[in-house]
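Colleague: Give me a model of this one.
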Amino acid sequence: MSVEMPPQQRLFTSRSEQASAPRIRAKVLPPPNRHTTERSGKLPTTLKINKLRYLSAAAGIATVVAGGVAIAPLASADMSTSTSAHVVDQRAKTFELVGKQTSIEDLDLGRAGISPGDQRVIHEDLYRDGEKVGDHSVVCTYTRVNPAALQCLGTFSLPEGQFAAQALLHLPAPSYVDVGITGGSGDYRNARGFVRTVPAGDTERHFTVHLKR
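Modeller: As a prediction, this is how the structure comes out:
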């Protein structure tokens, strides 16, 4: 019994038909020459595209990170500077006082007459805008006679607290003396700055207090 095969599945039935049929050869591409690629330094197009994308992404990340590192300190510095200036403005204070002498005493503690170690003790009432607000005492000790020099230590007492000041005074006295503030108590416990002292007659002095707290 013979079985007829469909035309599309029918194979060559004779050698003559096989010989006369055209032969189709598959073209096989050789693998890329690794050594040639390395020598030329060129990458396939697909690898080039992927590499460019990677480098672009990396560059973008580096820019963001570097920008953050560069900008953040500047912003922080600006904020810190602004904050510090605001704090200084709040803590810096200048005000006027008038000292009116209530007592003065010269103490001859060494040899007769003026000699090193002798003292002058002064007490004053302090006024602000015509109202008595506190008092001030100062002790000046002669450290040299000719020319005269006195080490002066004083304390200002006000309702907010007290602060101390000191200076080395040379005679004859200049038109004004800046006396350094060395510390205090109460609201003046961290006081720094200076007091400008200007004589206004024999028993009155004007003080300009430049205070930093």
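Colleague: quick one: strands adjacent to the longest strand that the chain contains?
Modeller: The residue-count maximum for a strand in the chain (DSSP state E) belongs to strand 92-107. Counting by DSSP bridges, the strands paired with strand 92-107 are strand 119-128 (antiparallel), strand 204-212 (antiparallel).
Colleague: Mean pLDDT added to those, as JSON lines?
Modeller: Formatted as JSON lines, the strands paired with strand 92-107 follow (pLDDT from 0 to 100):
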{"stretch": "strand 119-128", "mean pLDDT": "98"}
{"stretch": "strand 204-212", "mean pLDDT": "96"}
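Colleague: TSV for those strands, including distance to A164 and mean neighbour count?
Modeller: C-betas here are computed from N, CA, C, even on glycine. Shown next, in TSV, are those (distance: least, C-beta to C-beta, whole Å; neighbours: other C-beta atoms under 10 Å):
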stretch	distance to A164	mean neighbour count
strand 119-128	14	16
strand 204-212	12	17
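Colleague: Kindly reformat these as TSV and extend each row with distance to Y176.
Modeller: Formatted as TSV, the strands paired with strand 92-107 follow (distance: least, C-beta to C-beta, whole Å):
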stretch	distance to Y176
strand 119-128	17
strand 204-212	9
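Colleague: beta partners for S157?
Modeller: D135, Q162.
Colleague: Go ahead and confirm it touches K132.
Modeller: No: using C-beta atoms under 8 Å, S157 is not in contact with K132, being 11.6 Å away.
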